[in-house]
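Any chance you could fold what I've pasted below:
(2 chains)
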Amino acid sequence: MAVAAIAPSRLAALTKTRCAIFKTAYNPTSIRTGANYFRARLRGPSMVSYYPQDMDLCMPTFVKEWPELELVHVAEAQRVWDVDMKRARGKGAPAKAKDKRRSTVLHSCCTHDSSSFFLCLLDQSRRTQRRR
Amino acid sequence: MPNFRPNIRVLRDMKARNGVKENEVMRRAYLYVARNQTLPPHVRHQAQLQLNALGRYTRPTSVVNRCTESGRGRGVMSEFGLCRFQFRLKALNNEIPGVKKASW
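Residues are numbered from 1 along each chain as shown, chains lettered A, B, ... in the order given. Model prediction:
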């Protein structure tokens, strides 16, 4: 006794009912819906926690790059503090010159007579040599 | 034990990790649209263009596990996050639980 072939439409109906019962998506043509991109867990949080949190940050650029982390560059902070303390005691570096004329001490020597300036230098070097 | 002192490659990797975390949801949404065959092609194409424009440090593949002790990029055991030499040093120093030197 031959078994009658089951119609494809009935098989499809069966699959559809099965999907409805088990709450899976009915996708007979296996078309890509991109659902797996939503189904997968987010990997960011575990990625961020890979490196240890107690870091010795030696790079000022790195500190600048992430101001929201409120990192402190220890050596740089110490340097700034030292400079401030020196300035408070009147031992800081002189203020930046406003123009080029004031920027050099040897300015007067240079402009009036360059040869005399070099003689000056020679004289100085001789003196130091004698001292040695 | 000295603190972890990152080199520039580790910093770059940390930047990538932060970027991935910040843009992950957005990226997934674009991926969903771009790979969804039920949507019209021009919409998918636009989503793909947006994905391409997201930048280097938002891709999860730009993240590489580096050694958490020395910053080395090669020979890193993912289970311990250490490169082979740092792993050996720590294992011999009994700093890794459950690891001891074998001999047979």
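
In a strand, B:Ser70, correct?
No - read with DSSP: H, G, I helix; E, B strand; the rest coil, B:Ser70 is coil and lies in no strand.

Just list the residues touching it, thanks.
Contacts for B:Ser70 (Cβ atoms under 8 Å, 6 or more residues apart in numbering or on different chains) come out as B:83, B:85-86. C-betas here are computed from N, CA, C, even on glycine.

Which positions in chain B make contact with chain A?
Residues of chain B lying near chain A by Cβ under 8 Å from any Cβ of the partner chain: B:2-6, B:8, B:10-11, B:14-15, B:17-18, B:20-22, B:24-25, B:28, B:31-38, B:60, B:63, B:65, B:68, B:81.

so what's whichever residue of chain A sits closest to chain B closest to, chain neighbours aside?
Nearest residue of chain A to chain B (Cβ to the nearest Cβ) works out as A:Gly44 at 3.1 Å. Leaving aside its sequence neighbours, A:Gly44 sits nearest to B:Lys21 (Cβ to Cβ, 6 or more residues apart in numbering or on different chains; 3.1 Å).

ok, that neighbour - how many residues close by?
Using other Cβ atoms under 10 Å in any protein chain shown, the number of residues around B:Lys21 comes to 20.

And B:Leu31, by the same measure?
18.

I'd say it and A:Gly34 touch.
Yes - applying Cβ atoms under 8 Å as the test, B:Leu31 and A:Gly34 come out as touching, 6.6 Å apart.

rewinding a little: emit the ChimeraX select command for whichever of the residues of chain B next to chain A are buried.
Restricted to buried positions by 16 or more other Cβ atoms under 10 Å in any protein chain shown, the ChimeraX selection for those reads:
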select /B:4,6,10,11,14,15,17,18,20,21,24,28,31,32,33,34,35,36,60,63,68,81
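
So which of the residues of chain B next to chain A belong to helices?
Mapping the residues of chain B next to chain A onto helices (DSSP state H) picks out B:8, B:10-11, B:14-15, B:17-18, B:20-22, B:24-25, B:28, B:31-35.

Dihedrals phi and psi, the spatially most central residue of chain B?
Geometric centre of chain B, nearest residue: B:Val63, 3.0 Å, by Cα atoms, centre = their mean. The phi and psi values for B:Val63, taken as degrees, to the nearest 10, are phi -90, psi 130.

picking that back up, run a quick neighbour tally on the residue of chain A closest to chain B.
Counted with other Cβ under 10 Å, A:Gly44 comes out at 20.

Local confidence estimate at it?
If you check A:Gly44, the pLDDT there is 92.

swap in A:Asp123?
62.

re earlier: what sits closest to the residue nearest to the centre of chain B if chain neighbours are left out?
B:Ala16 (4.9 Å).
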